[in-house]
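>>> 3D model of this:
(one chain, ligands or ions: 2)
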Amino acid sequence: MISGTDIEPGGPLVAGVRRPMPRDRFDALSREILELKEQHNAVILAHNYQVPEIQDVADYVGDSLGLSQQAEQTNADVIVFAGVHFMAETAKILSPEKKVVLPDLNAGCSLEEGCPADKLKELQETNPNFWTIAYINCSAAVKGLCDVICTSGNAHKIVSAAPPDRDLLFVPDENLGTWVMEQTGRPMTLWNSNCYVHVEWTHAAISRIRGEYPDAPVVAHPECTKAVRMLADEVCSTEKMVHFCQASSSEAIIIATEAGMLHRLKKECPDKRFIPAPTEKCACNECHFMKMNTLEKLRDCMKHLTPEVELDPKLIERARLPIQRMLEISARP
Ligand code: 13P
Ligand code: SF4
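Ligands and ions are numbered 1, 2, ... in the order given. Model prediction:
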């Protein structure tokens, strides 16, 4: 039997369950982090999948769209990015004059790995009429080859705004791409890659949990497969999950996304019960890239201002245009 309240994602993983970091350790580390933040005039941006203790010391916690908006607008001298590498890279592209550091340089993403820039270029060369839309989960080199970027929070708007006379190429997430095609009715050529975490949920596992909690709506990320999305009451980005759960009258909600999200949801909706959607293998799902970041590594990267994201200025220039185009379209009413 799976119990949402029994599963606390954060701290070390013991027998498949995350234990919260001991309070005194958290207090000592967060004091140090606060001092370093003031010393360097730094801002800490954290993704919704980060471990609870990182979310709890961050200045802003959100989805990829919110994080890129924050990175563009901040007055800080240093951006400390607690997320995965492509997110920190995006922050550097939007704020090239700032120092961008991250807790672990190896925090990658299976979607980014699945779409090498040289292979994308080869495909683009087969059709000069392609208008390439890249999900933000890709490298700076891939962004530099694209016309516009999107996130799960604005994909519908970005695809709807694409020039009607162009052939759309959507990279790298085939599941997000299929979902947006369903929403917009625009046919697209899809790159064949996926998120190794979100494809773990199956139709059978979600059907079973729905049977156990018949009154609980299912909320799923669009990186899930179509078989899972079909069973969901709401399909949306991680930030929109917060809005959906706040507005929902249900006392319990089933969540099909990375386990770090549960901490954010519990904070925003303390009176609700969140049930992590089970996969066939375990009760909750974690992205090992996101979980490479720890509070200790966050402190260390702020102490030494390393590892730092460094990019070729020419690549920054090329990759900035499609990201700014996304932010501009996103801000339209
Ligand atoms: P969001 O932009 O919805 O937070 O998604 C990012 C991500 O990596 C999902 O796996
Ligand atoms: Fe990439 Fe999936 Fe991890 Fe998100 S959850 S960062 S898409 S591997």
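
>>> is stretch 270-285 up against ligand 1 anywhere?
No. Residues of stretch 270-285 are not located near ligand 1 by C-beta under 6 Å from any ligand atom, the shortest gap being 10.3 Å. C-beta: built from backbone N, CA, C; applies to glycine.

>>> Enumerate the residues of this protein near ligand 1.
Residues of the chain lying close to ligand 1 (C-beta under 6 Å from any ligand atom) are Asn48, Asp63, Ser64, Asn137, Thr151, Ser152, Gly153, Cys195, His221, Glu223, Ser237, Thr238.

>>> Doesn't the fourth one belong to a strand?
No. When the secondary structure is assigned by DSSP: H, G, I helix; E, B strand; the rest coil, Asn137 falls in coil instead of a strand.

>>> returning to that earlier point: can you name the two of the residues of the chain next to ligand 1 that sit furthest apart?
Of all pairs drawn from these, the greatest distance, 15.4 Å, lies between Gly153 and Cys195 (C-beta to C-beta).

>>> Compare those two (neighbour count), which wins?
Comparing Gly153 with Cys195 by other C-beta atoms under 10 Å, the one with more neighbours is Cys195, at 24 against 21.

>>> if we can go back for a sec, from the residues of the chain next to ligand 1, which ones fall inside helices?
Secondary structure assignment by DSSP state H places Ser64, Thr238 of those in helices.

>>> Using a markdown table, please lay out the residues of the chain next to ligand 1 together with pLDDT.
Listed next are the residues of the chain next to ligand 1 as a markdown table, based on pLDDT from 0 to 100:
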| residue | pLDDT |
| --- | --- |
| Asn48 | 98 |
| Asp63 | 95 |
| Ser64 | 94 |
| Asn137 | 98 |
| Thr151 | 97 |
| Ser152 | 97 |
| Gly153 | 96 |
| Cys195 | 97 |
| His221 | 98 |
| Glu223 | 98 |
| Ser237 | 97 |
| Thr238 | 97 |
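
>>> Tell me the one among the residues of the chain next to ligand 1 nearest to Pro333.
When the residues of the chain next to ligand 1 are compared against Pro333 (criterion: C-beta to C-beta), the nearest one is Gly153, at 15.7 Å.

>>> And the closest one, how far from Asp77?
28 Å (C-beta to C-beta, to the nearest Å).

>>> Kindly report the residues of the stretch 51-200 of the chain close to ligand 2.
Neighbours of ligand 2 within the stretch 51-200 of the chain, by C-beta under 6 Å from any ligand atom: Val84, Cys109, Ser110, Leu111, Asn137, Cys195, Tyr196, Val197.

>>> mind listing what the fifth one touches?
Think Asn137. By C-beta atoms under 8 Å, 6 or more residues apart in numbering, Asn137 lies in contact with Ser64, Phe86, Cys109, Leu111, Glu112, Pro172, Asp173, Cys195.

>>> same deal with the second one?
If you count contacts by C-beta under 8 Å, 6+ apart, Cys109 has them with Val84, His85, Phe86, Asn137, Cys195, Phe289.

>>> 6 Å - rerun?
Val84, Phe86, Asn137, Phe289 (C-beta atoms under 6 Å, 6 or more residues apart in numbering).

>>> Spell out which residues sit in contact with the last one, please.
Read that as Phe289. Counted by C-beta under 6 Å, 6+ apart, Phe289 has contacts Val84, Ala107, Gly108, Cys109.

>>> Over to the second one?
By C-beta under 6 Å, 6+ apart, the contact set of Phe86 is Cys109, Glu112, Asn137.

>>> Look at it and tell me its secondary structure.
Once three-state DSSP is applied, Phe86 turns out helix.

>>> when you give positions from now on, start the count at 9
Understood, numbering begins at 9; the last thing we discussed is Phe94.

>>> mind checking pLDDT for it?
Phe94 is assigned a pLDDT of 98 by the prediction.

>>> Quick check: chain neighbours aside, which residue is closest to it?
Nearest residue to Phe94, sequence neighbours excluded (C-beta to C-beta, 6 or more residues apart in numbering): Glu120, at 5.1 Å.

>>> my read: that neighbour touches Val150, true?
No. Using C-beta atoms under 6 Å, Glu120 is not in contact with Val150, being 7.8 Å away.

>>> what's the next secondary structure element after the host helix or strand of Val227?
Per DSSP states H and E, Val227 falls inside strand 226-228. Scanning forward in sequence from strand 226-228 by DSSP H and E, the next helix or strand is helix 234-237.

>>> List the strands paired with the following helix or strand past that next one, with their directions.
As assigned by DSSP H and E, the chain's next helix or strand after helix 234-237 is strand 242-243. Within its sheet, strand 242-243 is paired with strand 226-228 (parallel), according to DSSP bridges.

>>> Looking at the partner strand now, give me its mean pLDDT.
The model assigns strand 226-228 a mean pLDDT of 98.

>>> Any part of the strand holding Val227 near ligand 2?
No. For strand 226-228, no contact with ligand 2 is found by C-beta under 6 Å from any ligand atom; the gap never falls below 13.0 Å.

>>> Nearest to Arg326, out of the contacts of Asn145: which one, please.
Within those, proximity to Arg326 (C-beta to C-beta) peaks at Phe94, which comes in at 15.5 Å.
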